[in-house]
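> Need a 3D model of the following:
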Amino acid sequence: MLTYCFKNCIFQPSCILVNVFKTHEYLFYTFLSDSVTAIWDFGMKRFLRRIAAITAVITTALTFAACSEQESANTSTLTPAAVSNPVTGPDMVLVGGTILTVDATDSTAEAIAITGNRISAVGSTDQIRALSGDNTRVIELEGRTVVPGLTDSHIHIIRAGLTWGREISWANESTLEGALELVRTAASNTPDGEWLIVAGGWHKLQFDDQRLPSAAEVTEAAGNHPIYVQYLYDTAILNAAAMTAMNIANDADVPPVGVLRRDADGNPTGEIDGNILVFHALLSALPKPDFATQVDGTKELMAELNRLGMTSFSDGGGGGQMPEHYKPLLRIWQDGEMTMRVAYHLMSQKRGQELDDLKNLTQLVPQGFGDDWLRFNGFGEVIIWEMHDGSRAGMQFNPSSEAKAALRTAFGWIAENGYGMEIHAASDSSAQQILDVLDEVNAETPIADLRWSILHIDAASVSTLERMKALGVSFGLQSRLYTGGEALVELLGEDRARSAPPIKTALDLGLLVGGGTDALAVGPYNPWIAIRWLLDGKLISREITRGPEEIPSRTQALRLYTYNGAWLQFAEDDRGSIEVGKMADIAVLSEDYMAMPVDDIAGLTSLLTLVDGRAVHADGPYEDLAP
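Numbering: from 1, shown residues only. Presented below is the predicted three-dimensional model:
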């Protein structure tokens with residue numbers, strides 16, 4: 001129950017303003033700093049929209065906030081500083097649910113009020129329902145769970161969006177025959193001679209017979225089309241038409257280390273083995289759709305992520321990702337059609353010229369340049385190519401002294417200029433080499449406030465994690481072992497694999513751990529599959545490799561994909577938790593995340609996803625809100 005003294009001090013403006021400034025001063029700070037940025041970067045139109053949105057929240061605070069005597073209920077996290085106003089009220093309230101706020105104490109509530117694009121109150125159903133005005137939209141949650149919109153802290157959406165609109169996805173197929181049938185269907189619906197592409201995102205263990213298709217099976221399914229089928233960063237299968245179109249006849253045609261399989265007569269079968277560099281090159285060489293298709297594909301991919309409750313992602317750059325590949329996303333942003341908030345990274349594709357290239361790319365792009373929808377977040381995931389250790393988690397990595405010196409110079413420049421940075425390290429050995437360089441840089445330019453992170457380190461040692469903690473470096477953890485765990489067991493043994501990755505150890509040490517899914521070519525983009533993997537330690541084969549000592553709690557796993565992801569984007573004051581004053585980026589889940597069987601978590605979706613207070617996805621009981 002709340003007791004209000006608003007009517008008793010309505011003629012005491014000083015009382016109202018003091019209370020408002022005490023509890024909402026960050027709103028005014030955000031208003032001033034963000035509005036200046038808006039004027040500088042994006043023109044008066046965007047500036048006026050920013051004023052309108054933030055003023056809505058300030059107006060609510062000034063009208064309703066002051067002089068309330070707060071009494072916290074067991075189900076209330078932030079008691080709403082508001083009273084009922086039948087004329088104005090919030091724009092929307094969601095009532096009668098379980099709100100997992102992911103605030104500092106992981107508290108829960110029952111209801112949320114949204115004014116403009118921000119959360120204006122969080123509390124019990126009775127408290128929030130009482131705030132409704134004549135024009136307030138009331139969303140009945142009927143017991144459903146609400147979470148902050150999910151953030152994938154390392155994923156390659158910009159690259160994947162280029163071809164998403166024409167790719168054939170095998171991600172949800174349980175039989176190889178079903179996967180091949182998708183190819184046949186696409187072939188029948190596509191003009192002869194046009195490409196068919198399966199650009200990864202599947203695993204042989206998801207199929208009932210647990211094998212790859214043969215080159216003959218792929219060729220039969222493709223009909224009169226060139227076809228490219230990629231399996232992880234291990235193998236690609238092409239038919240004769242594709243081999244001819246890509247001018248592949250010998251190993252030298254698939255640099256740097258690609259190998260063509262050959263039949264008994266010495267003829268290429270169309271199967272190519274290689275590593276991450278080989279497949280980045282092959283994917284880059286495939287013909288791209290026209291620009292309009294790239295834009296539409298990127299929109300479709302973001303809509304698919306919205307369906308899963310995702311509202312933001314950090315794009316990790318990646319091999320073959322050129323400056324022109326950012327243009328579809330930039331067009332969507334320019335047209336005001338973003339449905340996700342994006343923090344993007346830049347990386348050089350010019351081996352041996354990386355630092356000069358990064359300096360050139362960022363002459364007019366300071367750290368944080370952008371707005372609430374699209375923002376430059378620094379460099380990564382490769383800084384110096386000779387310091388890139390590939391994709392195998394257990395390999396020893398021994399870079400040259402020249403490579404480490406080049407990384408030292410690049411890190412120094414990045415730190416001196418205040419840029420963010422994330423760097424790939426598949427192996428613990430690679431991470432240790434990187435940390436040696438970071439120690440040197442940190443001695444001259446402290447890096448803790450820059451929020452740098454080391455990515456992957458699937459089998460990180462305690463020593464590595466302790467060194468990261470001492471430097472203030474974060475741990476970017478992706479679900480790579482969900483599909484790659486068997487290879488790690490073969491390489492390191494079952495005992496070592498029990499602690500891979502060392503999630504709980506990292507959290508217990510106090511590291512900031514961000515959750516992500518990485519490249520769509522090597523694993524599922526679905527964050528709920530990744531979260532299930534965090535919680536049960538089971539691979540795609542459903543074999544358990546990680547021991548219970550490295551299993552986080554459900555609240556910890558959720559935090560990796562909400563607050564921590566926002567923190568890595570320097571956005572934790574605005575997003576990542578459900579708290580008064582933060583942006584209204586939320587997801588209403590299809591089932592009860594905290595109570596459902598762990599094995600079922602991978603099937604979670606969002607029934608209603610809000611970004612900036614507006615629906616970007618709606619289904620089931622909320623389909624009337626669909627955009």
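
> nearest spatial neighbour of the residue nearest the centre of the chain, skipping sequence neighbours?
Nearest to the mean C-alpha position of the chain, counting by CA atoms, centre = their mean, stands D152 at 1.8 Å. For D152, ignoring the flanking residues on the chain, the nearest one in space by CB to CB, 6 or more residues apart in numbering is F313 at 4.4 Å. C-beta here means a position set from N, CA and C on the backbone, and glycine is covered the same way.

> next structured bit after the host helix or strand of that neighbour?
In this structure, F313 is located in strand 310-315 according to DSSP states H and E. Once the chain leaves strand 310-315, the next helix or strand it forms, by DSSP H and E, is helix 327-334.

> Could you pull out the buried residues of that next one?
Using 16 or more other CB atoms under 10 Å as the test for burial, helix 327-334 gives 327-329, 331-333.

> May I have the secondary structure class of the residue nearest to A215 when sequence neighbours are not counted?
In this structure, A215 finds its nearest non-sequential neighbour in G270, 4.2 Å apart by CB to CB, 6+ apart. Classification of G270 by DSSP: H, G, I helix; E, B strand; the rest coil places it in strand.

> mind checking pLDDT for G270?
Reading off the confidence values, G270 has pLDDT 97.

> how distant is stretch 100-114 from the center of its chain?
22 Å (CA atoms, centre = their mean, to the nearest Å).

> And it, end to end?
16 Å (CA to CA, to the nearest Å).

> for stretch 321-335, same thing?
With CA to CA, one end of stretch 321-335 sits 23 Å from the other.

> and what of stretch 230-247?
18 Å.

> From the chain's centroid, how far away is that stretch?
For stretch 230-247, the distance from its own C-alpha centre to the chain's C-alpha centre is 29 Å (CA atoms, centre = their mean).

> For that stretch, buried residues please.
For stretch 230-247, by 16+ other CB under 10 Å, it's 230-239, 241-243, 245-246.

> Count the neighbours of the residue nearest to D152 for me.
Counted by other CB atoms under 10 Å, the residues lying close to F313 total 28.

> Show me the domain layout of this protein.
3-143, 166-285, 291-575+582-618 (automatic domain parsing).

> Can you pull out the low-pLDDT segments for the stretch 351-500 of the chain?
Within the stretch 351-500 of the chain, the segments meeting pLDDT under 70 span 393-394.

> can you give me the strands in it?
Shown for the stretch 351-500 of the chain, the strands assigned by DSSP state E, counting those that start in this stretch span residues 374-379, 422-425, 453-456, 474-478.

> could I get those strands as JSON lines with mean neighbour count?
Below are the strands of the stretch 351-500 of the chain laid out as JSON lines (neighbours: other CB atoms under 10 Å):
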{"stretch": "strand 374-379", "mean neighbour count": "23"}
{"stretch": "strand 422-425", "mean neighbour count": "28"}
{"stretch": "strand 453-456", "mean neighbour count": "26"}
{"stretch": "strand 474-478", "mean neighbour count": "27"}
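
> can you redo the ones you listed as CSV with distance to T362?
Output for these, formatted as CSV (distance: least, CB to CB, whole Å):
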stretch, distance to T362
strand 374-379, 8
strand 422-425, 15
strand 453-456, 19
strand 474-478, 21
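
> And those: which comes nearest G274?
strand 422-425 (17.7 Å; CB to CB).

> The stretch 201-350 of the chain: strands as residue ranges?
Along the stretch 201-350 of the chain, counting by DSSP E, counting those that start in this stretch, strands occupy 227-231, 235-238, 259-262, 268-273, 310-315, 341-346.

> contact partners of the fourth one?
Applying CB atoms under 8 Å, 6 or more residues apart in numbering, the set of residues contacting strand 268-273 from outside is 215, 218-219, 234-240, 242-243, 248-249, 254, 258-263, 278, 282.

> residues in contact with W164?
So W164 contacts 297-298, 300-301 (CB under 8 Å, 6+ apart).

> try L361
Contacts of L361 by CB under 8 Å, 6+ apart are 323, 346, 348.

> Go through those and give me the one with the most neighbours.
Ranking these using other CB under 10 Å puts S348 first, with 22 neighbours.

> Hmm, T362 and that one touching each other?
No: between S348 and T362 there is no contact under CB atoms under 8 Å: 10.8 Å.

> Indicate each strand paired with the strand holding F313 and its parallel or antiparallel sense.
Strand 310-315 sits in its sheet next to strand 150-155 (parallel), strand 341-346 (parallel), going by DSSP bridges.

> Can you check which of the ones you listed gets nearest to H424?
With CB to CB as the criterion, H424 lies closest to strand 150-155 of the strands paired with strand 310-315, at 9.5 Å.

> element containing L535?
Using DSSP H and E, L535 falls in helix 527-536.

> that older thread, and the contacts of W164, which are buried?
Looks like the contacts of W164 have 297-298, 301 buried, using 16+ other CB under 10 Å.

> Quick check: of these, which lies closest to T98?
L301 (29.7 Å).

> Let me see the contact set for that closest one.
L301 touches 157, 160-161, 164, counting by CB under 8 Å, 6+ apart.

> Hmm, P399 and A406 touching each other?
No: A406 is beyond contact range of P399, at 9.5 Å (criterion: CB under 8 Å).

> shared neighbours, these two?
Joint contacts of A406 and P399 (CB under 8 Å, 6+ apart) are 386-387.

> Around the spatially closest residue to I158 that is not a sequence neighbour, how many other residues sit close by?
With CB to CB, 6+ apart as the criterion, I158 has its nearest non-adjacent residue at 4.8 Å, and that residue is D315. D315 is surrounded by 25 other residues when neighbours are defined as other CB under 10 Å.

> Repeat that for K288.
Using other CB under 10 Å, K288 has 13 neighbouring residues.

> Repeat that for L535.
L535 is flanked by 19 other residues according to other CB under 10 Å.

> What of E549?
Neighbour tally, E549, other CB under 10 Å: 11.

> Over to the one 10 residues further on?
Residues within reach of R559, counting by other CB under 10 Å, total 25.

> ok, which stretches of the stretch 51-200 of the chain are strands?
Under DSSP E, counting those that start in this stretch, the stretch 51-200 of the chain gives strands at 68-69, 92-95, 98-100, 108-109, 111-115, 118-123, 137-140, 145-148, 150-155, 196-199.
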